[in-house]
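[1] One predicted model, sequence on top.
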Amino acid sequence: MTAVQPTRGQSIRSAVAVRLSPVVARWNAFAQTRGGSVVARMFSTNAAWILLLLAFLMLLFNYLAPGKFLTEFNVRTMATNVSVLLVIAVGETFVMATGGIDLSVGYVLLFSGVTSAQVMNWGGRDSTNYGWDIVLLGFIVALGSGFAWGVLNGLIVAKAKVPALIATLGTLGMSWGLAEILSNGQDLRYLPSIMGDMGASRIIDKIPLVVIVAAIVAVIGSIILSLTRFGRYTLAIGSNQEAARRAGINVDRHLIKVYAMSGTLAGFAAFMNLAIFTTTTISGHANDNLQAIAAVVIGGTSLVGGVATIAGTTIGICIPMVLFSGFTILGLQSFWRDVAVGAVLILAVYTDQLRRRRRERH
Amino acid sequence: MLMRIRTVTMLGLALITVAACSGSTATTASNYKLTLIQGVAGDPFYVTMACGAQAEATKEGVTLNITGGNKWDATVQKPVIDSVTAAKPDGVMVAPDDSKALLAPLKAMSDAGIKVTFVDTQLDDTSFAVSSIATDNSGGGTLAAQTLATLIGDKGSVLVVNVDPGISTTDARVQGFNDEMKKHPNITVLDVQYTHDDPTAATTITTSILAAHPDLAGVFATNVQNAEGVATGLKQANNTVVKTIAFDAGPKQIEDLNAGIVQGLIAQDPYGIGVAGVQQTVLALKGQATTKTIQTSLAALTKDNVNNADMQKYLYKATCS
């Protein structure tokens, strides 16, 4: 009997393993140390890898367009331009952590923006000079509209057992259509001017208020997801819904809460959108949902639920914007931006899958 | 039937002339960097405008970058505008997607010392612009109404298929159209339908309106995407009675015109707008006087005149060469 010859692939792999073994040993030793274990744990998550990718992209664009990309102006506008999406994506992270999906966010945003703006100029009056009381009313209406759509999504998913993809596709169409009916397809263009001032204002003349607000939403979302019972329930349901149910979690009730949260955040984002654009931007938001979902997935949230971080989602929101801005500054043809973002999405999920598989093998 | 050709000629080519810096600096052959931000990338209208801008830029020895969002959407165009500002070109020609929502980013661009010229569309506030160059859109609407009225024998229902409210150009076209139609008592103008620049929506609207209004005699489509959608809708319904007049003259529209799917086209002069945009911006950079408002010409194209030599400059291109 002859000995089984190793295939070419196997022999290459073993040769590489031999060559790399000192590196691996050193890494393992490093990982045993206290500081090392933190770093090692960090790099077992997707967030750390995509943070590296983000840093690499920013340095690359800054190298290719020196003095143009990493300027105070560009960083500030990029941050402003992701702030609305980040708020939506925080809600989307919770929904996807349960193994669900919320396609309706973009048009729930649009609907909430329309109702909010309509209440603010009730009766078609010019509301440009209205004060904070009216703005506060508009804010409450935006939150309330988003909340209502969110609860509806939750009820359809949890109680009527309609798959989330279909349920939220349905409410996407409904919220879009109703927004158009309410506004008669017309952008509402007369909002209290103090709202626009708020959208343009900066803290200590540097950081836009909307960016700070979005960051606060992300931090609170992160705390809720990783440190509270609400967050644990959310991940538990995504991990194994049946197990969560048997462990005594009221799954239906919790799902309704999670979808309601996503809707409410869309309403919140609608108010921010009104402040930034000073109009309802009816022709926009068609791709907000897919952009949010892409960001959540790039950030390492599993499509089947159970694994999610808000930090990952935040980086996942930034990468497409960095590509968008970098490509525009370099003067590359605009369609390449979409190609690049699509490629990053696939790459992010692929590396995530690789690491998961490797972990399972060990 | 022989169509009467009306050409709205240069309406007040120079409405207001603004004298810029009096003591202008010496103008060397400086290599200015300009950027054209299209309303939407890949649209034949904006491609032709870019061709005109590029030709003029080459002639004047300045560098031109061309960019734009891939959708007619202020929320998509805002990051494009911001990134262009970050890239610090000397001058920008921009077709804003919304007359209000993009005020802040364009004001920031102007405040950063970049010369801003509006091409095709503009903002409610044009005070900081070097120049605003556009088609006389209201006149185009009037021309469309006159042409359509003749085509349908001055009676029946007509439908206006528009993009979105709040776009200065298309709103002005509808305004001009409606004002002119008031002079035609036997024509009923139906409620304006909006398509979000989506040809599929224009198709659906056309077939639905045909079902609801059997006396439909004519359709006015306010831009390229809508015209393509309306043409598909009429094809689906096998309808050859309804006369369609469309704004714009892209390659597909010319094909449709020759095939008899569309009976009239109101053509703008995007090439001329692109040329004028670069000219005005460069003038401002050199510290010379610019023309605050420029309105470019329009033409009504029909099957009978589309091959005439003087009409060729009104045909939009899919590529520059």
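    In hand now; what should we look at? None of the values given here were measured: they were computed from a predicted structure. Residues are numbered from 1 along each chain as shown, chains lettered A, B, ... in the order given.
[2] Going by C-alpha atoms from here, please, whenever you check contacts or count neighbours.
    Fine.
[3] How about the stretch 1-150 of chain B: which residue is closest to chain A?
    Nearest residue of the stretch 1-150 of chain B to chain A, counting by Cα to the nearest Cα: residue B:101, 4.5 Å away.
[4] Run a quick neighbour tally on that residue.
    24 (other Cα atoms under 10 Å in any protein chain shown).
[5] what's near enough to touch the closest residue to it other than its chain neighbours?
    Nearest residue to residue B:101, sequence neighbours excluded (Cα to Cα, 6 or more residues apart in numbering or on different chains): residue A:277, at 4.5 Å. Residue A:277 makes contacts with A:196, A:199, B:100, B:101, B:102, as judged by Cα atoms under 8 Å, 6 or more residues apart in numbering or on different chains.
[6] Can you tell me how far the residue nearest the centre of chain A is from chain B?
    Note on chain A: the residue nearest the mean C-alpha position is residue A:89, at 2.6 Å, using Cα atoms, centre = their mean. Taking Cα to the nearest Cα, to the nearest Å as the measure, residue A:89 falls 17 Å from chain B.
[7] For the stretch 51-200 of chain A, which segments are assigned as helices?
    A:72-97, A:105-120, A:132-158, A:164-183, A:193-200 (DSSP state H, counting those that start in this stretch).
[8] nearest to residue B:161, of those helices?
    Closest approach to residue B:161 among the helices of the stretch 51-200 of chain A (Cα to Cα): helix A:164-183, 16.0 Å.
[9] quick one: average pLDDT of stretch B:308-320?
    In this model, stretch B:308-320 has a mean pLDDT of 86.
[10] Are it and chain A in contact anywhere?
    No. Stretch B:308-320 lies out of reach of chain A by Cα under 8 Å from any Cα of the partner chain, never closer than 14.2 Å.
[11] Now do the contacts for residue 116.
    Picking chain A for this. Counted by Cα under 8 Å, 6+ apart, residue A:116 has contacts A:137, A:138, A:139, A:140, A:141, A:142, A:271.
[12] hm, I was asking about chain B
    Counted by Cα under 8 Å, 6+ apart, residue B:116 has contacts B:91, B:92, B:93, B:94, B:106, B:109, B:110, B:128, B:129, B:130, B:131, B:281.
[13] So which of those residues sit within strands?
    Of the contacts of residue B:116, the ones assigned to strands by DSSP state E are B:91, B:92, B:93, B:94, B:131.
[14] Now do the SS call for residue B:246.
    When classified by DSSP: H, G, I helix; E, B strand; the rest coil, residue B:246 comes out as strand.
[15] in the sheet, who's paired with it?
    residue B:221, residue B:265 (DSSP bridges).
[16] Read off the pLDDT value for it.
    In this prediction, residue B:246 carries a pLDDT score of 88.
[17] ditto for the one 3 residues further on
    Note on residue B:249: pLDDT of 89.
[18] Now the residue most central in space within chain B. Nearest residue, chain neighbours left out?
    Of all residues in chain B, the one closest to the mean position by Cα atoms, centre = their mean is residue B:120, 5.4 Å from it. Leaving aside its chain neighbours, residue B:120 sits nearest to residue B:134 (4.3 Å; criterion: Cα to Cα, 6+ apart).
[19] same thing with residue B:148?
    In this structure, residue B:148 finds its nearest non-sequential neighbour in residue B:245, 6.3 Å apart by Cα to Cα, 6+ apart.
[20] Surely the one you found touches residue B:261?
    No. Contact criterion Cα atoms under 8 Å: residue B:245 and residue B:261 do not qualify, at 9.8 Å.
[21] Settle it for me: which of these two has more neighbours?
    Higher neighbour count among residue B:245 and residue B:261: residue B:245, with 29 against 23, using other Cα under 10 Å.
[22] Just list the residues touching the more buried one, thanks.
    B:144, B:147, B:148, B:218, B:219, B:220, B:221, B:262, B:263, B:264, B:265, B:266.
[23] Farthest pair within those?
    Farthest pair in the contacts of residue B:245 (Cα to Cα) is B:218 and B:266. Separation: 14.6 Å.
[24] Compute the number of surrounding residues for the residue nearest to residue A:194 when sequence neighbours are not counted.
    Excluding its sequence neighbours, the residue lying closest to residue A:194 (Cα to Cα, 6+ apart) is residue A:131, at 7.3 Å. Using other Cα under 10 Å, residue A:131 is surrounded by 13 other residues.
[25] hang on, isn't residue A:131 packed against residue A:138?
    No. Assessed by Cα under 8 Å, residue A:131 is found out of contact with residue A:138, at 11.1 Å.
[26] Output the below-cut-off pLDDT ranges for the chain.
    All of this refers to chain A. Counting by pLDDT under 70, chain A has low-confidence residues at A:1-20, A:23-24, A:27, A:31, A:34-46, A:123-125, A:359-362.
[27] sorry, should have said chain B
    For chain B, the ranges with pLDDT under 70 are B:1-29.
[28] any chance you could map the helices in it?
    Taking DSSP state H as the test, the helices found in chain B are B:44-60, B:74-86, B:103-111, B:137-151, B:168-181, B:199-212, B:224-236, B:251-259, B:270-285.
[29] For the fifth one, buried residues please.
    Within helix B:168-181, the residues that qualify as buried by neighbour count (16 or more other Cα atoms under 10 Å in any protein chain shown) are B:168-178, B:180-181.
[30] how about these in CSV, adding distance to chain A?
    Compiled in CSV, the buried residues of helix B:168-181 are given as follows (distance: Cα to the nearest Cα, whole Å):
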residue, distance to chain A
B:168, 13
B:169, 15
B:170, 13
B:171, 11
B:172, 15
B:173, 16
B:174, 14
B:175, 15
B:176, 19
B:177, 19
B:178, 18
B:180, 23
B:181, 23
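[31] Residue B:294 and chain A, how far apart?
    Noted for residue B:294: a distance of 26 Å to chain A, by Cα to the nearest Cα.
[32] tally of neighbours for the spatially closest residue to that residue that is not a sequence neighbour?
    Nearest residue to residue B:294, sequence neighbours excluded (Cα to Cα, 6+ apart): residue B:133, at 4.7 Å. Neighbour count for residue B:133, taken as other Cα under 10 Å: 27.
[33] now swap in residue A:200 and tell me
    Residues contacting residue A:200 under the criterion other Cα under 10 Å number 16.
[34] and it, what does it touch?
    Applying Cα under 8 Å, 6+ apart to residue A:200 gives the contacts A:208, A:209, A:275, A:276, B:104.
[35] coming back round to it: pull the contacting residues for the residue nearest to the centre of chain B.
    By Cα under 8 Å, 6+ apart, the contact set of residue B:120 is B:95, B:132, B:133, B:134, B:135, B:169, B:270, B:273.
[36] Now do the same contact list for the third one.
    Looking back up the chat, that one is residue B:133. Residues in contact with residue B:133 (Cα under 8 Å, 6+ apart) are B:117, B:118, B:119, B:120, B:273, B:276, B:277, B:293, B:294, B:295, B:296.
[37] And for the first one?
    Remark: with contacts taken as Cα under 8 Å, 6+ apart, residue B:95 is in contact with B:37, B:38, B:39, B:118, B:119, B:120, B:121, B:122.
[38] again, but for the last one
    Residues in contact with residue B:273 (Cα under 8 Å, 6+ apart) are B:49, B:52, B:53, B:119, B:120, B:133, B:134, B:135, B:296.
[39] How far off centre is stretch A:217-237?
    In terms of Cα atoms, centre = their mean, to the nearest Å, the centre of stretch A:217-237 is found 15 Å from the chain centre.
[40] Quick check: buried residues in it?
    For stretch A:217-237, the buried set under the neighbour-count rule, 16+ other Cα under 10 Å, comprises A:217-219, A:221-222, A:224-226, A:231, A:233-237.
[41] Report how many residues lie close to residue 288.
    Picking chain A for this. Using other Cα under 10 Å, residue A:288 has 20 other residues around it.
[42] I was thinking of chain B, sorry if that wasn't clear
    Other residues near residue B:288 come to 19 when the count uses other Cα under 10 Å.
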